[in-house]
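Colleague: Just a sequence and a predicted model for now, questions to come.
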Amino acid sequence: MKRTPFSVVSVIVLLSFLLLSVPVQAVTILYDAIDLSDDLSEDLWRYDYYVSEYPAEVNHGFTIYFDRDSYSNLTPITTLNLNWDVLVTQPDPNLPGDGMYDALALSNEATLRQAFTVQFVWLGSGAPGSQEFELYQLPGDGSIRNEGWGWTTPRSSSVPEPGTLSLLAVGLYGLSRLRKRRIAFHPFSATE
């Protein structure tokens, strides 16, 4: 049986980890979750969102989802500039349907330099966390082209990036292969 050289296997494993760790898109939506003074026994919060690396071109948009069981009374406090069409729908557990903050660029001059804010009533326990978001394009033929998705990330997050995890995995794989190689070529046999 012909063995594949160690270096070829290592390159294949390394490329696999690197390809798996590449994000679907470079767009990041960061947030700060701020606890507000409560009113009428409701747990009021707000998200301040910061969007980066977004191709703010006409007919490109993004949607941030608010789980129907965790959020209610979505209220946009500050919105994007006039080059954006913003739509907010309320979560409805009776439909059931999640709430959403949707923003569609109306021109190529649409910018995301400033943060935008959404206030809400938090129905969950603890503090609100990450939310799913989608990126899309309206190509003009009546369809919607999905351009990716992701999860909002807290601005103070210490979660390692996918690249860090893939490098760690490749290093551990390499060490295990090196250890197996040393055991296989050890000059002393256990039968002596």
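Modeller: Here it is on my side, so go on.
Colleague: Could I get the full set of helices for this protein?
Modeller: Under the criterion DSSP state H, the chain contains helices at 6-21, 162-184.
Colleague: Out of those helices, which gets the lowest mean score?
Modeller: The minimum mean pLDDT among those belongs to helix 6-21 (a mean of 55).
Colleague: so where's the protein uncertain?
Modeller: Low-confidence segments of the chain (pLDDT under 70): 1-25, 157-172, 174-175, 177-192.
Colleague: change it to 50
Modeller: 18, 20-24, 158-160 (pLDDT under 50).
Colleague: can you pull out the strands in this protein?
Modeller: Assignment of strands within the chain using DSSP state E yields the ranges 28-35, 44-52, 60-66, 71-78, 84-89, 99-105, 116-122, 132-137, 145-151, 153-154.
Colleague: any chance of the ones you listed in a markdown table, with mean neighbour count too?
Modeller: Glycine gets a C-beta too; all of them are placed from N, C-alpha and C. Converted to a markdown table, these look like this (neighbours: other Cβ atoms under 10 Å):
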| stretch | mean neighbour count |
| --- | --- |
| strand 28-35 | 17 |
| strand 44-52 | 19 |
| strand 60-66 | 21 |
| strand 71-78 | 16 |
| strand 84-89 | 14 |
| strand 99-105 | 21 |
| strand 116-122 | 20 |
| strand 132-137 | 18 |
| strand 145-151 | 14 |
| strand 153-154 | 15 |
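Colleague: Reformat these as JSON lines; add distance to Ser176.
Modeller: What follows is these, written out as JSON lines (distance: least, Cβ to Cβ, whole Å):
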{"stretch": "strand 28-35", "distance to Ser176": "33"}
{"stretch": "strand 44-52", "distance to Ser176": "37"}
{"stretch": "strand 60-66", "distance to Ser176": "40"}
{"stretch": "strand 71-78", "distance to Ser176": "45"}
{"stretch": "strand 84-89", "distance to Ser176": "50"}
{"stretch": "strand 99-105", "distance to Ser176": "45"}
{"stretch": "strand 116-122", "distance to Ser176": "45"}
{"stretch": "strand 132-137", "distance to Ser176": "35"}
{"stretch": "strand 145-151", "distance to Ser176": "31"}
{"stretch": "strand 153-154", "distance to Ser176": "32"}
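Colleague: Please name the residues that touch Pro128.
Modeller: 33, 45, 47, 70-71, 120, 122 (Cβ atoms under 8 Å, 6 or more residues apart in numbering).
Colleague: Repeat the analysis, applying 7 Å as the threshold.
Modeller: By Cβ atoms under 7 Å, 6 or more residues apart in numbering, the contact set of Pro128 is 33, 45, 122.
Colleague: Ser70 too?
Modeller: With Cβ under 7 Å, 6+ apart, Ser70 has these contacts: 122-124.
Colleague: Likewise for Gly140?
Modeller: Asn59.
Colleague: any idea how far it lies from Thr63?
Modeller: 19 Å (Cβ to Cβ, to the nearest Å).
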